[in-house]
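> return atomic coordinates for the entry below.
(one chain, ligands or ions: 1)
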Amino acid sequence: MTVLYKANMVRGAEWARFFAERAPDVPFRLWPDIGDPAEVRYLVAWVPPDDIATAFPNLELVFSVGAGVDQFDATKLPAHIPLVRMLEPGIAETMVEYVTTAVLALHRDLLHFIAQQREQVWREIRITPAKRRRVGVMGLGQLGQAVVERLKAFGFPLLGWNRSPRAIAGVTCYSGVESLPDFLSQTDVLVCLLPLTDETRGILNADLFARLPRGAGLVNVGRGPHLVEADFLAALDSGALSGAVLDVTDPEPLPAGHPFWSHPRILLTPHNASMTTPDTAVDFVLDVIARHRRGEELPGRVDRTRGY
Ligand code: NDP
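Sure, this is the predicted structure:
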């Protein structure tokens, strides 16, 4: 019963160390050293090999090494093999840090101050109290919920928007497409933590920006294709949006000369908001494998029809 890992190789060495410590009886291999393909029962991958359906005849389960699964070509993964995404505390913890940093940066006008420093301009900006800056999170799943819980400490009025209804103390929750305009009209800083699906692709578009209060800020940590670039740049230029923090783009990496690199109202990071932590991820994978062998429900199992 071999577990094969095919993702970031530096972190792969850490996975191998934690597997050896915690499950010495489970053979663990790092791509491309796959050993006997017939022995591979579990695959942990960011992007699985194209020939996954034939390469490993006894494959039982595939893990996405990240929380998202849009990078998987579902047509290449046989329907009977469950796909499980990463539900481990390290991803949520690092995402919470990033979104908190981004929301506070927009709230406290850091993009203005960076520009002013470059120009050697000493000019104060009126401070808006947190209680008057409404923060709205799209997608109240594993990560969105962790984010709103931590943002409570700052005193922002909090809103959330989700596909199915949610009840979270201290957060005004909206659900469904029909409630999106209401949610947006009260959101001064919008955080996108949606999965990328047919329904959410291009959701950050001109219509959505027009429904936000003028001068709103945007944090996109979902996926690059959530954002319609031309609409976004037009919204920044018109002042509909005052600034944005983007961790994801389309494509990644962003090509040289792309307008996001140099736009003064955009803070850009290289898909680095959060990271799977080998220490805690190995515990999650071992727990799911044990449940799978006992024939139990699998936490993080992706619903292939929904796409997340
Ligand atoms: P979850 O599946 O736990 O949560 C997704 C949430 O989005 C669910 O609550 C779901 O609603 C909601 N949702 C899905 N579709 C829609 C829709 N059409 N309209 C409204 N709400 C919708 O995912 P995670 O919280 O773990 O991760 C979210 C995303 O964050 C990932 O898919 C990935 O794209 C991104 N991510 C980015 C990272 C980065 O470093 N930048 C790192 C990790 C993740 P419901 O409750 O009804 O299912």
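> what's the burial count for the residue of the stretch 201-308 of the chain found nearest the ligand?
Shortest the stretch 201-308 of the chain-to-the ligand distance, computed as Cβ to the nearest ligand atom: residue-wise this is residue 273, at 3.8 Å. Backbone N, C-alpha and C define where each C-beta goes, glycine included. Counted by other Cβ atoms under 10 Å, the residues lying close to residue 273 total 25.
> so it is in contact with residue 246, correct?
No: shown here, residue 273 and residue 246 do not form a contact pair, counting by Cβ atoms under 8 Å, at 9.8 Å.
> for residue 109, see how far away residue 122 is.
14 Å (Cβ to Cβ, to the nearest Å).
> which of these two has more residues huddled nearby?
Between residue 122 and residue 109, counted using other Cβ under 10 Å, the more crowded position is residue 109 (18 against 7).
> and the pLDDT for the residue of the stretch 201-308 of the chain closest to the ligand?
In the prediction, the pLDDT value recorded for residue 273 is 98.
> and if you look at residue 233?
According to the model's per-residue confidence, residue 233 sits at a pLDDT of 98.
> then stretch 219-230 to PDB, C-alphas only?
Once side chains and other backbone atoms are set aside, the C-alpha atoms of stretch 219-230 remain, and they are given as PDB (Å, rounded to 0.1, in the frame of the first residue of the first chain):
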ATOM      1  CA  VAL A 219      -8.800  41.100  -1.800                       C
ATOM      2  CA  ASN A 220      -8.700  38.100  -4.200                       C
ATOM      3  CA  VAL A 221      -7.300  35.000  -2.700                       C
ATOM      4  CA  GLY A 222      -9.700  32.600  -4.600                       C
ATOM      5  CA  ARG A 223      -8.400  32.000  -8.100                       C
ATOM      6  CA  GLY A 224      -7.200  34.300 -10.900                       C
ATOM      7  CA  PRO A 225     -10.100  33.400 -13.300                       C
ATOM      8  CA  HIS A 226     -12.600  34.800 -10.700                       C
ATOM      9  CA  LEU A 227     -11.500  38.200 -11.800                       C
ATOM     10  CA  VAL A 228     -12.400  39.800 -15.200                       C
ATOM     11  CA  GLU A 229      -9.200  41.800 -15.700                       C
ATOM     12  CA  ALA A 230     -10.500  44.500 -18.100                       C
END
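> flag every buried residue along that stretch.
When burial is assessed from 16 or more other Cβ atoms under 10 Å, stretch 219-230 yields the following buried residues: 219, 220, 221, 222, 223, 224, 225, 226, 227, 228.
> same deal with stretch 169-181?
Using 16+ other Cβ under 10 Å as the test for burial, stretch 169-181 gives 171, 173, 174, 175, 180.
> which one of these is nearest to the ligand?
Within the buried residues of stretch 169-181, distances to the ligand taken as Cβ to the nearest ligand atom reach their minimum at residue 175, with 7.5 Å.
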